[in-house]
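K.L.:
no sequence for this one, just the structure:
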Ligand SMILES: Nc1ncnc2c1ncn2[C@@H]1O[C@H](COP(=O)(O)OP(=O)(O)O)[C@@H](O)[C@H]1O
Ligand SMILES: [Mg+2]
């Protein structure tokens, strides 16, 4: 495995004209992801991060995904790089045959993974608001008539990678919620207002000098903006359930996230979008317990809280995220033992 990834990285570096195979001094696979072979590659005087798409994801449930999603990822990263040249990840080229690309490797004292900071219970450094602002700017840019949406006509991939494993699969385990989950699935498949990243999770967000760098855009598609918002907020809410000491701050961050995002909403009524986020969020919470990609950190007791809390909110959604967060805060106390 180590030799194989080394050879693939060396071949990609040659193909992209970044150096010769013999220049490769070290290749270290990175962990944390389930969808790719990704490695830190050391060349003389330079470190790169090289990522290849995997045909089958490393999760318990059988879950295949087309390798051309690597092109969608690179295209999303290019949009971010064009809009935020100072802070976005630097890109060094992509191979259409190897389904892999090279980018700068981020490291250093001013770099940290948002997920690690959250799980360590570290003080809020405004990450949620920063991510929301960045996302709002990218969504707004992509809603403009001059945006090139051609690389992002990926709703069938999005269905395979997101809608099916999260919503449709969860519906098979919760028959009584099948109708509202199917309605959400249809809405996500049909709406195409903005460029959706599709995996805005703290494990995919590095902070560099205080600015968020969103990685791992394999699910990028023109889609419903509510997905990115609900997907990211889901991680804050689940961590609020898991981390009592951080709970108040994480639940506050839900409203803060929306307030940082909302000023960018130019393509539709922000209230309508907020309501879609609040309707999708409980479905994604349940999907992170009973879908194909459950989060690893919830205890059985915490999973039970999610199963108790979410059905009512899926059937009768709230429309405001502050109310949603307050409701979760109230109910955690009542549900837990
Ligand atoms: N350019 C990079 N520099 C430093 N670390 C990175 C970089 N890209 C990814 N990582 C780290 O590797 C992990 C996995 O990468 P990711 O793109 O999320 O792959 P996957 O699709 O397998 O989840 C990330 O969570 C992050 O910690
Ligand atoms: Mg990832």
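P.N.:
Sure, I can see it. In this text, all values refer to a predicted model and were calculated from it rather than measured experimentally. Ligands and ions are numbered 1, 2, ... in the order given.
K.L.:
all contacts plus neighbour counts: C-alpha atoms, from now on.
P.N.:
OK.
K.L.:
Outline the domain layout of this protein.
P.N.:
Annotated domains of the chain cover 1-105, 109-337 [automatic domain parsing].
K.L.:
what's the most buried one of those domains?
P.N.:
Neighbour counts (mean count of other C-alpha atoms under 10 Å) averaged over each of the domains of the chain peak at domain 109-337, with a mean of 19.
K.L.:
Quick check: chain neighbours aside, which residue is closest to residue 325?
P.N.:
In this structure, residue 325 finds its nearest non-sequential neighbour in residue 251, 5.4 Å apart by C-alpha to C-alpha, 6 or more residues apart in numbering.
K.L.:
Wasn't that neighbour part of a helix?
P.N.:
Yes: assessed by DSSP: H, G, I helix; E, B strand; the rest coil, residue 251 belongs to a helix.
K.L.:
so who does it touch?
P.N.:
Going by C-alpha atoms under 8 Å, 6 or more residues apart in numbering, residue 251 touches 236, 237, 240, 325, 326, 329.
K.L.:
Take those residues and keep only those in helices.
P.N.:
Members of these lying in helices (criterion: DSSP state H): 236, 237, 240, 325, 326, 329.
K.L.:
rewinding a little: select, out of the domains of the chain, the one closest to ligand 1.
P.N.:
For those, the distance to ligand 1 is smallest for domain 1-105, at 3.0 Å, taking C-alpha to the nearest ligand atom.
K.L.:
That closest one vs ligand 1: in contact?
P.N.:
Yes: taking C-alpha under 6 Å from any ligand atom as the criterion, domain 1-105 and ligand 1 are in contact, through 30, 31, 32, 33, 34, 35, 36, 49, 103, 104, 105.
K.L.:
and the second one, what does it touch?
P.N.:
Contacts were defined as C-alpha under 8 Å, 6+ apart; by that measure residue 31 touches residue 38.
K.L.:
longest helix anywhere in this protein?
P.N.:
Per DSSP H, the chain has its longest helix at helix 270-290.
K.L.:
Distance from the chain centre to the helix or strand following that one, please.
P.N.:
Next in sequence after helix 270-290, counting helices and strands by DSSP states H and E, comes helix 300-315. How far helix 300-315 lies from its chain's middle: 22 Å, per C-alpha atoms, centre = their mean, to the nearest Å.
K.L.:
and the angle for helix 300-315 with helix 270-290?
P.N.:
140 degrees (axes from the mean of the first three to the mean of the last three C-alpha atoms, to 10 degrees).
K.L.:
Output the contacting helices and strands for helix 300-315.
P.N.:
helix 178-190, helix 270-290, helix 321-335 (3 or more C-alpha pairs under 8 Å, 6 or more residues apart in numbering; DSSP states H and E).
K.L.:
okay if I get those as a markdown table plus mean pLDDT?
P.N.:
Putting the helices and strands packed on helix 300-315 into a markdown table (pLDDT from 0 to 100) gives the following:
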| stretch | mean pLDDT |
| --- | --- |
| helix 178-190 | 98 |
| helix 270-290 | 98 |
| helix 321-335 | 92 |
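K.L.:
Dump those to CSV, plus distance to residue 81.
P.N.:
Output for those, formatted as CSV (distance: least, C-alpha to C-alpha, whole Å):
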stretch, distance to residue 81
helix 178-190, 26
helix 270-290, 26
helix 321-335, 30
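K.L.:
so which of those gets nearest ligand 2?
P.N.:
helix 270-290 (15.2 Å; C-alpha to the ion).
K.L.:
ok, and what's touching the closest one?
P.N.:
Taking C-alpha under 8 Å, 6+ apart as the rule, helix 270-290 contacts 166-167, 170, 173, 181, 184, 225-227, 229-231, 233-234, 238, 258, 262, 293-295, 303, 306-307, 310-311, 313-314, 317-321, 324.
K.L.:
just stretch 309-324 next, same as before
P.N.:
Residues from elsewhere that reach stretch 309-324, judged by C-alpha under 8 Å, 6+ apart: 177, 180-181, 252, 254-255, 258, 271, 274-280, 282-283, 285-286, 328, 331, 335.
K.L.:
One more pass at 7 Å, please.
P.N.:
With C-alpha atoms under 7 Å, 6 or more residues apart in numbering as the contact definition, stretch 309-324 has outside contacts at 180, 254, 255, 274, 275, 278, 279, 282, 283, 286.
K.L.:
Mind listing residues that contact stretch 198-209?
P.N.:
110-115, 212-217, 219-220, 227-228, 231-232, 235.
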